[in-house]
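Chemist: okay, predicted coordinates and the sequence, questions at the end:
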Amino acid sequence: METTGTRVLIAGIVRNRRWLTLGSAMYGAHQICEALVPVVIGVIIDRAVATGDVGALVLWIAVLAVLFVVLSLMWRFGARLLTAAEAGEGCTLRVEVAGKILQPRGIRTDLRSGELLTISSSDADNASYLLDYIPRIVASLTATTVCAVTLLMINVPLGLGVVLGTPLVLVVLQLSAPLITRRIQHQQETAG
């Protein structure tokens, strides 16, 4: 059976599913905490500062402190898990490729073994970077969802404006990016 790039990537995901799941959950929790920081600050202002209630101020500052502790720990341990998974996958891929290259039948190529090992080592690292993208996507989607729900709960017209306006702005930016790139390139060439 021929090994394709897609199969290599899927095998890496399956091999590291436990770490990806835990790391993605921790990154998602980190983003939830990040999104809740301004909400808690708003609650502190509304319930403690505006009312002059010292007890409420102490309580909500403690809540904010706990939020920051959870935020920090989720990022730290999520990053540790995912970095270990990424490094482990890169090592596994390098070992697999080296084993294939060093077999008596080897691989049919015009490259020498040393060149092939160097290229495959770089490719193994690049393939293992996929394990970093998955949790980042999960965390981004989590943060976007929490922010959208929070805004809709605070103010429906504002929330709808952001929820509907953000994709529109992204489409406009995507369409205008080539024009902006050409203009900047032209300015740099003129300056050069």
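Modeler: Right, received. Where do you want to start?
Chemist: can you list the buried residues in the helix or strand of the chain at the bottom of the mean pLDDT ranking?
Modeler: Across the helices and strands of the chain, the lowest-confidence element by mean pLDDT, DSSP states H and E is helix 113-128, at a mean of 75. Neighbour-count burial for helix 113-128 flags 116-117, 120, 123-125, 127-128 (criterion: 16 or more other Cβ atoms under 10 Å). Backbone N, C-alpha and C define where each C-beta goes, glycine included.
Chemist: so how far is residue 102 from the residue nearest to residue 109 when sequence neighbours are not counted?
Modeler: Nearest residue to residue 109, sequence neighbours excluded (Cβ to Cβ, 6 or more residues apart in numbering): residue 116, at 6.3 Å. The gap separating residue 116 from residue 102 is 10 Å, by Cβ to Cβ, to the nearest Å.
Chemist: and what of residue 133?
Modeler: 31 Å.
Chemist: which one's more surrounded, those two?
Modeler: More crowded of residue 133 and residue 102, by other Cβ atoms under 10 Å: residue 102, with 12 against 9.
Chemist: gap between that one and residue 4?
Modeler: 22 Å.
Chemist: ok, now residue 52?
Modeler: Taken as Cβ to Cβ, the span from residue 52 to residue 4 is 66 Å.
Chemist: and what of residue 79?
Modeler: 30 Å.
Chemist: between the two, which one's more packed in?
Modeler: Taking other Cβ under 10 Å, residue 79 and residue 4 do not tie; residue 79 has more neighbours (16 against 9).
Chemist: quick check: closest non-adjacent residue to that one.
Modeler: residue 23 (7.7 Å).
Chemist: residue ranges with poor pLDDT in the chain?
Modeler: 1-3, 104, 106-107, 111-114, 192 (pLDDT under 70).
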